[in-house]
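Engineer: I'd like to go over a predicted model; first the sequence, then the structure.
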Amino acid sequence: MDTTSAEKMAALARQIKQWGQELGFQQVGITDTDLTDAEAHLQNWLADHFHGDMDYMQRHGDKRSRPALLQPGTVSVISVRMDYLPEPVEALHGTLEEPCSAYISRYALGRDYHKVLRNRLQKLADKIQQAYGPFGYRAFVDSAPVLEKALAEKAGLGWIGKHSNLINSKVGSWFFLGEIYTDLPLPADSKAASHCGSCSACMDVCPTQAIVSPYRVDARRCISYLTIELHGSIPEPFRPLIGNRIYGCDDCQLICPWNRFAKLSGEKDFHPRHRLNTQQLLTVFAWNKEEFLIKTEGSAIRRIGHERWLRNIAVALGNAPASQPVIDTLKAMLSHPSDMVREHVRWALDRQMNRLSID
């Protein structure tokens, strides 16, 4: 690339970051496509079968770690960050400490982040095209074989912590990521340095000990996997450890010391809908399929479907303090048409009855 072209790309990169801020991204970084180290880490993780039933993690061969195979012509990746924390962390702790409350991972309380970020990324691409002219690109938001955290780390947005989430030293880890793969030879930013040090708070706090070693998460043990990705029955040994978490888990983020710098999101799309941050287990368990679809319209939660929603809540009810209302509700669900739902209801009912007899 000659000097004039390099200067033009550098100026465009500065513009892209400014446009990104104007569109609501809190940070924009740029990197090249070399993911050699991340590819080796991924291959080792897959070889250990830590992906569980997430077959899509290995379905696309090297496309996940080699951007140009996924989008031919890609030489640069624009990585963006959008903060989503919808309420103070004290409120999150309060919900977790109330066993009859339904805890939903805070990223899923509002509008589906895929839609929010994808729309903004398209607007960013449109701005680039208006300024530069036609160019090759493709936008992604956790919807294709993309190593988004490795790319964001290389783009300087943060470092991958021991819990495998991206951490930024100024704002913690409560944010979403998105990417634009492009054929524009943009100058790359510097990779972020790790600042986890000897801290093991996330590893120690994990209810199911899913972080089996620093930077290695066995998804088969992870509550987010068990309540969202897993389609079948939740293994019995993990059920008591899930507590009242009915969709995802935030414990490793809640304990991370870097999240003391986290800022509340001003993005209204990420604010709680239908009081999903304060619902009671018995209330959401009573939603029929139609109510579930209405209350989760436009939400990431809808992807698990009503059957898994009931499965997860049944487990949480089995972990709740023994009470006659819970027992009566579970008994009424023993006739549910789903074998999986009935299995988890029976387990929960046995727990409730045993606890009641002991009390």
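Structural biologist: Ah, there it is.
Engineer: how about the residue nearest the centre of the chain: what's its closest non-neighbour residue?
Structural biologist: By C-alpha atoms, centre = their mean, the chain has its centre lying nearest to Y107, at 6.7 Å. Once flanking residues are discounted, Y107 sits nearest to Y84: 5.7 Å by C-beta to C-beta, 6 or more residues apart in numbering. Just so you know, the C-beta spots here come from the backbone N, C-alpha and C atoms, and that holds for glycine as well.
Engineer: count residues in the vicinity of that neighbour, would you?
Structural biologist: Residues near Y84, counting by other C-beta atoms under 10 Å, number 21.
Engineer: quick check: phi and psi at the residue nearest to R273 when sequence neighbours are not counted.
Structural biologist: Nearest residue to R273 in three dimensions, chain neighbours excluded: G110, at 5.8 Å (C-beta to C-beta, 6+ apart). Here is the backbone geometry of G110 (degrees, to the nearest 10): phi -110, psi -150.
Engineer: so who does G110 touch?
Structural biologist: Y84, P86, E267, K268, D269, F270, H271, P272, R273, S299 (C-beta atoms under 8 Å, 6 or more residues apart in numbering).
Engineer: inside strands: which ones of these?
Structural biologist: With DSSP state E as the criterion, strands contain none of those.
Engineer: which among the residues you listed count as buried?
Structural biologist: Those of those that meet the buried threshold are Y84, P86, E267, D269, F270, H271, P272, R273, S299, by 16 or more other C-beta atoms under 10 Å.
Engineer: so the fifth one makes contact with L109?
Structural biologist: Just to be clear, that refers to F270. Yes - at 7.2 Å, F270 counts as touching L109 under the criterion of C-beta atoms under 8 Å.
Engineer: okay, and the common contacts of the two?
Structural biologist: Common neighbours of F270 and L109 (C-beta under 8 Å, 6+ apart) are P86.
Engineer: quick revisit: just the ones of the contacts of G110 in helices?
Structural biologist: Of the positions in these, not one sits in helices, assigned by DSSP state H.
Engineer: what residues does V141 make contact with?
Structural biologist: Neighbour list for V141: Y113, H114, L117, R118, L121, F176, L177, G178, E179 [criterion: C-beta under 8 Å, 6+ apart].
Engineer: which one of those is nearest Q280?
Structural biologist: Proximity of the contacts of V141 to Q280 (C-beta to C-beta) peaks at Y113, which lies at 25.3 Å.
Engineer: setting aside sequence neighbours, what's the nearest residue to that closest one?
Structural biologist: Leaving out its chain neighbours, the residue that sits closest to Y113 by C-beta to C-beta, 6+ apart is F176, at 4.8 Å.
Engineer: also K115?
Structural biologist: Using C-beta to C-beta, 6+ apart and skipping the chain neighbours, the partner closest in space to K115 is G298 (7.3 Å).
Engineer: same question, W309
Structural biologist: Distances taken as C-beta to C-beta, 6+ apart place F292 nearest to W309, at 5.9 Å, with adjacent residues excluded.
Engineer: quick check, that neighbour in contact with H306.
Structural biologist: Yes - judged on C-beta under 8 Å, F292 makes contact with H306 at a distance of 4.5 Å.
Engineer: assign the residue nearest to D62 when sequence neighbours are not counted to helix, strand or coil.
Structural biologist: Once flanking residues are discounted, D62 sits nearest to L69: 5.8 Å by C-beta to C-beta, 6+ apart. Following DSSP: H, G, I helix; E, B strand; the rest coil, L69 is assigned to helix.
Engineer: residue contacts, the closest residue to G161 other than its chain neighbours?
Structural biologist: Nearest residue to G161 in three dimensions, chain neighbours excluded: I167, at 4.5 Å (C-beta to C-beta, 6+ apart). Neighbouring residues of I167 by C-beta under 8 Å, 6+ apart: G158, W159, I160, G161, S173, H195, C196, C256, W258.
Engineer: for these, pick the one with the most neighbours.
Structural biologist: Across these, neighbour numbers were computed from other C-beta under 10 Å; G158 holds the maximum, 28 neighbours.
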